[in-house]
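Visitor: sequence and computational prediction follow.
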Amino acid sequence: MKTAVCIKQVVTRDWPLRPAESATWVRDDDASFEMNEPDAYALEEALRLKERHGGEVVVCSAGPARISQVIREALARGADRAIHVESDALSAAGADAVAAALAAAMQDESFDLVLTGLQSDDQGFGQTGVVLAERLGLPHATIIMEVDIAADGAGLRVKRELESGWFQWVAMPLPALLTIQSGINQLRYATLRGIMAAKRKEIRTVPLDGVASQGQRILELYVPEKTSATRFIDGSAPEAARELVRLLREEARVL
Amino acid sequence: MTLVIAEQRGGVLNPATWETLAAAQQMNAPVTAAVVGARVQDTAAELAAADVAEVLAVEHEALEPYTPDGFVAALAQVVEATGPERVLFPHTYQTRDHAPALAARLGRVLIPDCIGSKDRDGQRVFVRPMFQGKFVADVLPEGPAPHFASFQIGAYRADACVRGAAAATVREVAVQLDAAAIRQRPEAPFKEAKQAVDLTQAERIVAVGRGIKGQEHLPLAQELAKVLDAELAASRPICDSGWLPMDRQIGSSGQTVAPKLYLAVGISGAIQHLVGMKGARTIVAVNKDADAPIFEVADYGIVGDLFEVVPAIVAALDGD
Amino acid sequence: MERETLDVDVLVVGGGPAGLAAAYRLARLNAEQGGEPLMVAVLEKARAAGAHMLSGAVLDPSALTDLMPDWKSRGAPLDVPVRDDRIYFLTARRALPFPVTPPPLRNHGHYVVSLNRLAKWLAEQVEAAGVDVFTGFAGTELLYEGDRVVGVRTGDRGLDRHGERKGTFEPGVDIRARVTVLADGVRGNLTKTLIRRFGLDAGRSPQSYAIGIKELWDVDPDRLPAGSVIHTMGHPLRHEEFGGGFIYALPEGRLSVGFVAGLDYRDPLFDPHVAFQRFKRHPLVSNLLAGGQMVRYGAKALPEGGWHALPRCHADGALIAGDAAGFLNSMRLKGIHLAMRSGMHAADAAFRAVREGDVSGARLSEYARLVEEGPIRRELYPVRNVHQSFAGGLLAGLLYSGMSLVTGGWWFRDPMPSHAGHERTRTVKRYFGGGVPPEPPGVPIDRALTFDRLTNVHYSGTRHDEDQPSHLLVADTDICRTRCIEEYANPCTRFCPANVYEIVDADAGAGKRLQINASNCVHCKTCDIMDPYQIIDWVPPEGGGGPSYEGM
């Protein structure tokens, strides 16, 4: 089975970020980057499927030169080769542009299965996978908690997470695309041998002529302002408690 | 015209639909609601109570149960037939599953998970969180209409949806679907207790911090969580001490949450904690120290001894 | 589970300037001298190259130029030549400029750099030269055959807080090497065990240390031109305390603002974090920072002992380089170039030893010869007693420093006697003469100019897997709540800049207990150095954990 895993490099979680001068993106020139966490789960799932069913895992990523960091990490963890769609214009691109760039580079590979993380920690569009499926003409399912490949390799059954504790199994033919929920598995560590082997693995760099229209543009990025001052509730404990409950019911309407 | 895609399952309308209708009504354009499924007459009639121009009932046997292939095919036809300026969805799991593909099929992009929309220099922009709620962005849809956006649940109030003087017209819209072309074969949904707590999905959270002093006092917070139907969470020192498991830790190196209600009990509000919960809609803080940083992000604050205040809140909630 | 092994010719532990210079030199020697290619690997505990690198920093490029004459064309991040040197003596409110900058502090021809960026770039050069750089792996113990060091075992990964294996457990790897170059930084955990096992510090002065705390600030670009270098002495330190402040200007209004405090203070209530906050509140500093924003924070110990405190740096199969050995010129406030130089010497000795098939300590002692005959001794020997002279207070130190420029460092007793810093800390009772200690100078925390420890830690980018055994081993926590609380008032809660150590109420009102917030640790090593009972052992946490000193 030939599996593609799409990964994204994002600014490290909890990095103290500030908006850039342009106010349309964050200042990331000296930020620390890492693999988008949901994508790491997608990669792990692909590696586990390969261990069960054999085949090849190809890691695909679109972005500037710096993303080779996460591509190499994925290769060190066990992916077999990589496709890097390289363009500086992709450094802050939206899901649509990223999906378009990936689709063009992945088109001719005829993958049996494409996995992505559920969403990115930066933009959080949560749709690169779904749009990629649409562009590659693949059936898809999202928020996947379990993957079962049929014995004959013709189809798969996946467990989707629905809201409030509900789940659902969905069957689909292969090839297909799945977006993987974080926590589906436990992430492995890269090993020394994996890191050394990664150096010899192929990274196919695909230049990108231009970024497609993204369909949307960030006009301004800002720190959310707290809209109102803290309302301090005075009085004895029972008085304050009663007033709080009243406010939560009538003003905030959260009860 | 603004087209709102309602969500229903088995004839039950997802209440988040009313919130999206409320958002749509504030955009100075006539609103049309569309509801999609195998039998939607009842939910269409229910929607007709809203102040909307009309309700579209999109029925086809192949639309039950929900599949992304079926919905994308059906909604693409509805959008093309009605030519709206924009198409809005409640940001549910179902929307996340099919709306991006629908927008892509029509050569557009969905602006997801919006918490608001406003007029900015004469342009309609959508406001959405980014970087896990550390920032918000004003996002402008580009290219020709229709534009697609989805609204975070709770961003608007369902009761803000204006009701019409009379019931709106319900119009049936026929769609052509080839059931054989639907590739997903869903099975019946089932409920399952998750092994791990998923605080990110919790609507209400009671979080305890160091002010609770000892593990023996935890039942106090548990009781409050119970009467509020809330999940119990904690700041790092509590989990570090092993008083609560680590999957209940909020903040950097723990979970980032955005519930409707976050009640912080005895939490001073170190920045490591704040980054994990600042995005909560309503924050209540109970703390002895009036200068504690938690009050800088709180909407409501009670300065006092949590050992008195927490039982009093439980009593106030129980009392009615 | 099978333990992985890996065989290399030379293993370098630590991806800082010393380790990377050693690795690069080895790769170059290999390329220039031909023969069977040497396999060289670098082990680095940070998750990315340079992530644990923290320094001021003003770089003397002499060693880099010898290592890599074409550094400029290779894009070395040395963009900001020093344009202006100033030194001030601070009183509580005023800043008195020194009329002339003393020669050791003249920085003409030097560069204001980010050590993080320098190390990151060096690591790229090293990798391009064919060396494996393994980031995210901590060396936790030395492997021996008899008394010969034969490599390093890396830490197990995937242990939970009780030391039990998690589903992801991955045993540590034995990396076997013919020569192991320990460049594991100030108070390196492997170097520490090697020195103890073989008594490599016998007959040397005890190493003395300081803690450096630094923040990066973004301010109005017109405040201070890039390349400006400011050093201060005096306030907030008293005559008896060693240290001072620094402000280095980078382009685009970025300032590197830091404070160094000697870890040999007598006052048990002294608090380096508070001293740094008080330094920032001095008008000289606060005027520069006003309206700006703190964007990054870090802390790290530095070795100050100089020439007399250097241990023997060679053993069978092992060499020690950089801060791990203590190659730092405290009079010039510089160590990067010496670290690199020592790494180059170590590489030369290791290369020839491996080629000749003799990696004994006797053969590797060529390293000591290169240090003795080269620029390191030329620089360190004349200032060998400077740091010690400050034990007599600021004035004595300044007088001696001035004199040593003339006398070549001669003193009546050479080496000038010195003590380990933690032995100088007095008990509360002795320091305050038995009376009630006065309230130590506090500082208002406004979270604009001054910050509490936890907020600072947030800006260090520090992250550890929370579910792992504590990497701060306290041999006997009873001492904390019985003796230390009485004798020294738990100085760990003050000298640790990252709020790792807290004394909290014990359960059920049973007095106090020590709480260790290990995941706050910024790997500065101060606790290992400064604990008065020497019962804290800093061992590496799971590889990849720690700060992320991007741009520092």
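Guide: Okay, I see it.
Visitor: rest of the way, CA atoms for contacts and neighbours
Guide: Noted.
Visitor: so residue A:203 touches residue A:84, yeah?
Guide: Yes. With contact defined as C-alpha atoms under 8 Å, residue A:203 counts as touching residue A:84 (6.7 Å).
Visitor: show me which of the two is the more surrounded one.
Guide: Just comparing residue A:203 and residue A:84: by other C-alpha atoms under 10 Å in any protein chain shown the higher neighbour count belongs to residue A:84, 23 against 20.
Visitor: roughly how far apart are the closest residue to the more buried one other than its chain neighbours and residue A:61?
Guide: Closest residue to residue A:84 in three dimensions, ignoring its sequence neighbours and counting by C-alpha to C-alpha, 6 or more residues apart in numbering or on different chains: residue A:205, at 4.7 Å. Using C-alpha to C-alpha, to the nearest Å, one obtains 10 Å as the distance from residue A:205 to residue A:61.
Visitor: same check on residue A:54?
Guide: Computed as C-alpha to C-alpha, the residue A:54 to residue A:61 distance reads 22 Å.
Visitor: between these two, which has more neighbouring residues?
Guide: Ranked by neighbour count (other C-alpha under 10 Å), residue A:54 and residue A:61 place residue A:61 first, with 26 against 12.
Visitor: what sits against the more buried one?
Guide: Counting by C-alpha atoms under 8 Å, 6 or more residues apart in numbering or on different chains, residue A:61 makes contact with A:6-8, A:67, A:71, A:82-85, A:102.
Visitor: what's the closest of these to residue C:157?
Guide: Within these, the smallest distance to residue C:157 is 22.0 Å, found for residue A:71 (C-alpha to C-alpha).
Visitor: what comes up buried for the helix or strand hosting the closest one?
Guide: Counting by DSSP states H and E, the element that carries residue A:71 is helix A:68-77. Taking 16 or more other C-alpha atoms under 10 Å in any protein chain shown as the basis for neighbour counts, the residues of helix A:68-77 that come out buried are A:68, A:70-77.
Visitor: repeat for stretch B:115-130
Guide: Buried residues in stretch B:115-130, counted by 16+ other C-alpha under 10 Å: B:115-117, B:125-130.
Visitor: can you tell me which of those are in strands?
Guide: Counting by DSSP state E, the members of these that fall within strands are B:116-117, B:125-130.
Visitor: hey, C-alpha coordinates of stretch C:159-177 in PDB?
Guide: Backbone C-alpha positions of stretch C:159-177 (Å, rounded to 0.1, in the frame of the first residue of the first chain) are rendered in PDB as follows:
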ATOM      1  CA  LEU C 159       9.500   6.600  31.100                       C
ATOM      2  CA  ASP C 160       6.700   7.900  33.200                       C
ATOM      3  CA  ARG C 161       7.000  10.000  36.400                       C
ATOM      4  CA  HIS C 162       7.400   6.900  38.500                       C
ATOM      5  CA  GLY C 163      10.100   5.500  36.200                       C
ATOM      6  CA  GLU C 164       7.800   2.900  34.700                       C
ATOM      7  CA  ARG C 165       7.900   2.300  30.900                       C
ATOM      8  CA  LYS C 166       5.200   3.900  28.800                       C
ATOM      9  CA  GLY C 167       3.900   2.400  25.600                       C
ATOM     10  CA  THR C 168       6.400   4.500  23.700                       C
ATOM     11  CA  PHE C 169       9.500   3.400  25.700                       C
ATOM     12  CA  GLU C 170      12.700   3.500  23.800                       C
ATOM     13  CA  PRO C 171      15.800   2.400  25.600                       C
ATOM     14  CA  GLY C 172      18.900   4.600  25.500                       C
ATOM     15  CA  VAL C 173      21.600   3.900  22.900                       C
ATOM     16  CA  ASP C 174      25.200   2.900  23.600                       C
ATOM     17  CA  ILE C 175      27.300   5.000  21.400                       C
ATOM     18  CA  ARG C 176      30.800   3.500  21.400                       C
ATOM     19  CA  ALA C 177      33.600   5.800  20.500                       C
END
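Visitor: could you name every residue contacting both of residue A:205 and residue A:61?
Guide: Common neighbours of residue A:205 and residue A:61 are listed as A:83-85 (criterion: C-alpha under 8 Å, 6+ apart).
Visitor: what's the distance between residue C:378 and chain A?
Guide: Using C-alpha to the nearest C-alpha, to the nearest Å, one obtains 37 Å as the distance from residue C:378 to chain A.
Visitor: run through who's touching the helix ranked longest in chain C.
Guide: Longest among the helix segments of chain C by residue count, using DSSP state H, is helix C:336-356. Around helix C:336-356, the neighbours that count as contacts under C-alpha under 8 Å, 6+ apart are C:9-10, C:17-23, C:25-26, C:29, C:59-64, C:67, C:178-179, C:181, C:183, C:319-323, C:327-329, C:359, C:363-367, C:370-371, C:376.
Visitor: what about that helix, average pLDDT?
Guide: Averaged over helix C:336-356, pLDDT sits at 98.
Visitor: report the distance from that helix to the chain centre.
Guide: Mean C-alpha position of helix C:336-356 versus that of the full chain (C-alpha atoms, centre = their mean, to the nearest Å) differs by 20 Å.
Visitor: now swap in stretch B:104-124 and tell me
Guide: Averaging C-alpha coordinates over stretch B:104-124 and over its chain gives two centres that are 17 Å apart (C-alpha atoms, centre = their mean).
Visitor: now do stretch A:246-255
Guide: With C-alpha atoms, centre = their mean, you get 36 Å for stretch A:246-255.
Visitor: repeat that for stretch B:141-153.
Guide: Its chain's average C-alpha position is 17 Å from that of stretch B:141-153, according to C-alpha atoms, centre = their mean.
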